[in-house]
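1. just coords:
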């Protein structure tokens, strides 16, 4: 198990528990009662620790290397997933994945960013930062789903769209803007879920839907805390303060009305029990799909436009 820096009290208890079990095996002494005490202590410590997480700690959880990504959720929630590739223009962007799958017998189009599960795959997946062709592939798949009248579910997990020169040359901004324009008019139900990092236009490029949810330990904002700190203080050293000021957690987003709900995670984060995390997400998706299918497409589009048009606070002077 990999522990984050703020999880050191839990890590220490686990280390002591492993040593106890090892000594018990070597000596042949029954240590089951002591093991139960340690397990209870770990549970209590975890409850205390996770009952008052800071914004930065939630950012750290969203980036945990063992946290499930888009393909892991699809695998655990669905059957018969058929991945579709390419934007029919430049190439197949490995940072953006998508395809049809069956969610308890219902065909759904899944689209999402994929970061990669090890160093090599993270490089291939470009750490979940899609190029313009990734957003154009996503739009192609959305239009395909609309053609066959299938709901769309997007799973968002990206530190942002790829900021490289070649991405700008191929029209990164236009590709994201086109997705916003087209997604708001889709005649099929669209559900968006931030499952990890939701940064800037990279997240928003597949983030326009009838319902937008966040997993409990995810974040959603215009810029990462590190980059915000760099701009304001010329150093990354104030990233914790930046995270607090950005109000980027699921609690903040729900309070501001920028997302429609928060999906609970297992205690300790989705990486602690990916099966339970997937089950909680699946239950929410099924319930929401059932609600959206009862609404007329024209009404859905009108509600979608109103939903995003009414976001934000401003004053006229």
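-> Nice, I can see it. All of these numbers come straight from a predicted model, not from anything done at the bench.
2. quick check: phi and psi on the residue nearest the centre of the chain?
-> Using CA atoms, centre = their mean, the residue of the chain that lies closest to the mean C-alpha position is residue 195, 1.8 Å off. Per-residue torsions, residue 195: phi -100, psi -10 (degrees, to the nearest 10).
3. now the helices for the stretch 101-250 of the chain?
-> Read by DSSP state H, counting those that start in this stretch, the stretch 101-250 of the chain holds these helices, from start to end of the chain: 119-124, 132-147, 165-169, 172-183, 200-204, 225-233, 239-246, 250-256.
4. redo these as JSON lines? Include mean neighbour count.
-> From N, CA and C alone the C-beta is placed, and that goes for glycine too. Formatted as JSON lines, the entries for the helices of the stretch 101-250 of the chain read as follows, by neighbours: other CB atoms under 10 Å:
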{"stretch": "helix 119-124", "mean neighbour count": "12"}
{"stretch": "helix 132-147", "mean neighbour count": "22"}
{"stretch": "helix 165-169", "mean neighbour count": "12"}
{"stretch": "helix 172-183", "mean neighbour count": "18"}
{"stretch": "helix 200-204", "mean neighbour count": "23"}
{"stretch": "helix 225-233", "mean neighbour count": "17"}
{"stretch": "helix 239-246", "mean neighbour count": "19"}
{"stretch": "helix 250-256", "mean neighbour count": "17"}
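5. which one of those lies closest to residue 304?
-> helix 172-183 (8.4 Å; CB to CB).
6. same for the closest one, what does it pack against?
-> With contacts defined as 3 or more CB pairs under 8 Å, 6 or more residues apart in numbering; DSSP states H and E, the secondary structure elements packing on helix 172-183 are helix 132-147, helix 200-204.
7. average pLDDT for the first one, rounded please.
-> Translated: helix 132-147. Model confidence over helix 132-147 averages 98 on the pLDDT scale.
8. related to what we said a few turns ago, tell me which of the helices and strands packed on helix 172-183 sits nearest to residue 291.
-> Using CB to CB and comparing those, the one that lies nearest residue 291 is helix 132-147, at 18.4 Å.
9. which residues sit against that closest one?
-> 84-93, 95-96, 98-100, 109, 111, 130, 151-152, 154, 161, 167, 170-172, 174-176, 178-179, 182-183, 186-188, 190, 205-206 (CB atoms under 8 Å, 6 or more residues apart in numbering).
10. tilt between it and helix 172-183?
-> Relative orientation of helix 132-147 with respect to helix 172-183: 10 degrees, computed using axes from the mean of the first three to the mean of the last three CA atoms, to 10 degrees.
11. could you count how many residues lie near residue 84?
-> As a burial measure, the neighbour count of residue 84 was computed by other CB atoms under 10 Å and equals 15.
12. sorry, that was for residue 39
-> Other residues close to residue 39 by other CB under 10 Å number 13.
13. with adjacent residues omitted, what lies nearest to it?
-> Distance criterion CB to CB, 6 or more residues apart in numbering; nearest residue to residue 39, sequence neighbours excluded, is residue 17 at 7.2 Å.
14. how about the secondary structure of the one you found?
-> helix (DSSP: H, G, I helix; E, B strand; the rest coil).
15. strands along the stretch 201-317 of the chain, start to end?
-> Read by DSSP state E, counting those that start in this stretch, the stretch 201-317 of the chain holds these strands, from start to end of the chain: 211-215, 219-221, 261-263.
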